[in-house]
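# Everything below, folded, please.
(one chain, ligands or ions: 1)
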Amino acid sequence: MAAALGDDAARAPAGKQVIGLIFGPPGSGKGTQAGRIEKEFGMSHLSTGEILRSEVAHGSAVGKEAARIMAAGDLVPDDLIDRIVESLLRRTDSSSSVLLDGFPRTVEQAKALDRMLADLNRNVDFVVALDVPEPMLVDRLLHRAAVEGRTDDTREAIMERMHEYRLRTAAVLDHYRRIGVPVAEVDGVGAVDEVFDRVRDEIKRVLEGKPQARGI
Ligand code: ADP
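Residues are numbered from 1 along each chain as shown. This is a model prediction of the structure:
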């Protein structure tokens, strides 16, 4: 079991609000771990996938543009997603720690994020990258398809999302390593609580400024 939320939960040092990224291929458990991180570390979870799915459900202009792209497993255009994230970040400006999930997904988005954050006098403080072998990812997503019925959990869309991840998203980690942001690679295989124990240890290490066990 993961430790319950308690007084000893690591928090960002007083006055310093952090920006973290939860990163990983489709099906790696980002959303699930993000929910745990949100509670444990008092961060606001901002998932671009969830935001887009809600836009689709509401039939907004953004939703109409994104629906078909998402169902095919492709990435929505950078400028559209950049605008959404920028307006949300401006609203949370300096008042809270933020955990981004599903963004940035391309090196261009990462550079746009760096610019947005520089404008707000902030920066990415850490990246936690979940590592799960691809055959297991596909199994997890097909299982989720049966349970949740997400339009992009068809075998074809799953393969396309894996392809996009390998082609465009994996390079985002190198971008952060290059600019000196701590990147912690965490083994994402195992029970949710076990994975969260590893995730929590890595985030604590970063927040306390200690060197990491793995990663950079
Ligand atoms: P998963 O990680 O399982 O693919 P997400 O909920 O993060 O699920 O994303 C679902 C879909 O939403 C993606 O396949 C893509 O079409 C779209 N999407 C989410 N975030 C982005 C982004 N940052 N850039 C482009 N498209 C995105």
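# Tell me the residues on this protein that lie near the ligand, please.
Counting by C-beta under 6 Å from any ligand atom, the positions of the chain adjacent to the ligand are 26-27, 48-49, 52, 69-70, 73-76, 81, 102-103, 105, 109, 152, 161. C-beta: built from backbone N, CA, C; applies to glycine.
# run the last query once more with 8 Å
24-28, 30-31, 47-50, 52-53, 66, 69-70, 73-78, 80-81, 85, 101-106, 109, 141, 152, 157, 161, 164-165 (C-beta under 8 Å from any ligand atom).
# For the residue in the chain positioned nearest to the ligand, which residues are in contact?
Proximity of the chain to the ligand (C-beta to the nearest ligand atom) peaks at Gly49, 1.8 Å away. Gly49 makes contact with 31, 101-102, according to C-beta atoms under 8 Å, 6 or more residues apart in numbering.
# isn't Tyr165 right next to Pro25, touching?
Yes - Tyr165 is in contact with Pro25 according to C-beta atoms under 8 Å; the separation is 4.6 Å.
# Quick check: which ranges of this protein have low pLDDT?
1-16, 93, 95, 210-216 (pLDDT under 70).
# can you tell me how far the most centrally placed residue in it sits from Gly209?
Nearest residue to the geometric centre of the chain (C-alpha atoms, centre = their mean): Asp101, 2.2 Å. Applying C-beta to C-beta, to the nearest Å, the value for Asp101 to Gly209 is 24 Å.
# Gly102 now?
Relative to Gly209, and taking C-beta to C-beta, Gly102 is found at 27 Å.
# the more surrounded of those two?
Gly102 (23 against 8; other C-beta atoms under 10 Å).
# Would you confirm that that one contacts Ala34?
No - contact criterion C-beta under 8 Å: Gly102 and Ala34 do not qualify, at 9.2 Å.
# intersection of neighbour lists for these two?
Ser47.
# neighbours around Arg140, how many?
18.
# All further residue positions should be reported with the first residue as 33.
Happy to do that; since the first residue is 33 now, the last one works out to Arg172.
# Let me know the next secondary structure element after the host helix or strand of it.
Assigning secondary structure by DSSP states H and E places Arg172 in helix 166-180. Downstream of helix 166-180, the next assigned helix or strand under DSSP H and E is helix 187-196.
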